[in-house]
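> build me a model from this:
(one chain, ligands or ions: 1)
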Amino acid sequence: MAVNGSAKQVEHQVSDLDASKLKVNLSETLKEIPPPETLTFGQTMTDHMLISTFHPSTGWSDPEIKSYGPLSLDPASSCFQYSTNVFEGMKAYIGPDGKPRLFRPTLNMARMTRSAGRVALPPFDTDELLKLIKKLVQLESRWIPRTKGYSLYVRPTIIGSRATLSVGPSDHAILYVICSPTGPYFRTGHKPVSLLAVDEHVRSWPGGTGGYKLALNYAPTLMPQQLAAKLGYDQCLWLLGEDKRVTEVGAMNFFVVVKRDDGDLDVITPPLDGTILPGVTRDSTLALVAAHPSRTVLPNLPASTKLYAREHQLTMHELAELAQQDRLLEAFGVGTAAVVAGVGRIGFQGKDINLPPHESGLGPIGRALYDRIVDIQEGKFEWEGWSVVCDLE
Ligand SMILES: *Cc1c(COP(=O)(O)O)cnc(C)c1O
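Numbering: from 1, shown residues only. Coordinates of the predicted model:
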């Protein structure tokens, strides 16, 4: 009993992540910032990174902000052998007040700890990680281009660093956050993407890990993506099951706009049944659609346009039928990287379903959502505290 009790106590005494223990060791020489228009997504890294390591007997180490650079890892590390890796994707923007801001960051923090738990990586205090990310973003704010549509992509990551080939939970881990300045996903206006609906390879399945942001979900999507590209399509539309349910597009959540019998519009996305990544942009899209027109009127949409936010399982058969009846008005993917990406056509069983073309690449609903979400992110439109200023103390 006593032994058990004290063992438990030791377990509870390991340190949690603690932002007040942060050590900042700034680089002596800073990198030259490339002109924004030359940026390619994810290529350029900022000067610094945040890092903390987890040891089973001491817990999370004092976090450190230091020069961006390589990690040194044992080749037997769990992350290499058994894919104990989780990540997040968020963006920091410069507001009209010149201060950096994050978009609904507590949702990313909550999702990250859920993802870590799914692959048995150690938990961490999400409020502390958010404080640390705000600090890092403040320090790196010179990297955030001041131009509309530009931002700093922030990539929090946890990897399992237990060095043994035996399969088991990684009781050692490294948490780090890196940042990359990024431009608008579509440089020359919104070009609609073409999708190949894929059912012989699946991205996720019931009881699987599709609802978590785990690195292991992405490697199996790369080969089908190559096949789609070979056939002339930009992205895969991931299907699932005999009834060919539509799940996600590439690494974005999928939405369609459908004309209802009463003339109003349904804005539909598949429900979070465990096979769908619970996207922050997805949640924001549903909330803004539900708020129109009673609580806010979306840009350039008449208040007389009634929108219904619906979480509903869509099948390819249903999509094809809606298109045939001219009721499928828009389709788009949503996610942090592109915000809203319009879909132009969907290849399925050798035929294309064509969406009505729009001059700007996005239909009126997709465009309204894009404009409103970006305005909230950049601090130009205040909405429900979604944009969080990186102001410490
Ligand atoms: C990250 C991601 C999304 C989008 O999530 P956001 O929080 O909106 O960026 C959608 N689907 C997949 C598979 C993803 O990895």
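
> D97 against G379, yeah?
Yes: with contact defined as Cβ atoms under 8 Å, D97 and G379 form a contacting pair (7.1 Å). No exception for glycine: its C-beta is placed from N, CA and C like everyone else's.

> give me the common contacts of these two.
V389 (Cβ atoms under 8 Å, 6 or more residues apart in numbering).

> of these two, who's got more company?
Between D97 and G379, counted using other Cβ atoms under 10 Å, the more crowded position is G379 (20 against 10).

> how about the nearest residue to that one, chain neighbours excluded?
Nearest residue to G379, sequence neighbours excluded (Cβ to Cβ, 6 or more residues apart in numbering): G95, at 3.0 Å.

> that neighbour touches C390, doesn't it?
No: using Cβ under 8 Å, G95 is not in contact with C390, being 9.7 Å away.

> run the chain-centre distance for stretch 271-288.
The chain centre lies 11 Å from the centre of stretch 271-288; the measure is Cα atoms, centre = their mean, to the nearest Å.

> correction: the previous question concerned stretch 201-216.
For stretch 201-216, the distance to the chain centre is 14 Å (Cα atoms, centre = their mean).

> model confidence over that stretch, on average?
Averaged across stretch 201-216, pLDDT comes to 98.

> just the CA atoms of that stretch, as CSV, please.
What follows is stretch 201-216, C-alpha atoms only, in CSV (Å, rounded to 0.1, in the frame of the first residue of the first chain):
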residue,chain,number,x,y,z
HIS,A,201,-8.2,3.9,-50.9
VAL,A,202,-9.7,5.4,-47.8
ARG,A,203,-8.4,8.2,-45.6
SER,A,204,-10.3,7.2,-42.4
TRP,A,205,-12.7,4.5,-41.1
PRO,A,206,-15.1,4.0,-38.2
GLY,A,207,-13.1,3.6,-35.0
GLY,A,208,-9.9,4.8,-36.7
THR,A,209,-7.9,7.9,-36.2
GLY,A,210,-9.4,10.2,-38.9
GLY,A,211,-10.8,12.5,-36.3
TYR,A,212,-7.4,13.3,-34.8
LYS,A,213,-4.5,15.4,-36.2
LEU,A,214,-2.0,12.5,-36.3
ALA,A,215,0.9,12.4,-38.8
LEU,A,216,0.1,8.8,-39.5
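
> about what we covered before: so what's the residue nearest to G379 up against?
101, 378-380, 387, 389 are the contacts of G95 under Cβ under 8 Å, 6+ apart.

> now do S387
93, 95, 101-103, 376-379.

> give me the buried subset of those.
93, 101-103, 376-379 (16 or more other Cβ atoms under 10 Å).

> ok, and which of the residues you listed reach the ligand?
When Cβ under 6 Å from any ligand atom is taken as the criterion, no member of the buried ones among the contacts of S387 contacts the ligand.

> of these, which is the nearest to the ligand?
Lowest distance from the ligand to those (Cβ to the nearest ligand atom) belongs to F103, with 9.3 Å.

> tell me what the closest one is bridged to.
Beta-bridge partners for F103, by DSSP bridges, are S387.

> that older thread, possible to save the contacts of S387 as TSV with distance to P293, secondary structure and pLDDT?
Listed next are those as TSV, based on distance: Cβ to Cβ, whole Å; DSSP: H, G, I helix; E, B strand; the rest coil; pLDDT from 0 to 100:
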residue	distance to P293	secondary structure	pLDDT
Y93	26	strand	96
G95	26	coil	94
R101	27	strand	97
L102	28	strand	98
F103	23	strand	98
I376	17	helix	98
Q377	22	helix	97
E378	23	coil	95
G379	23	coil	96
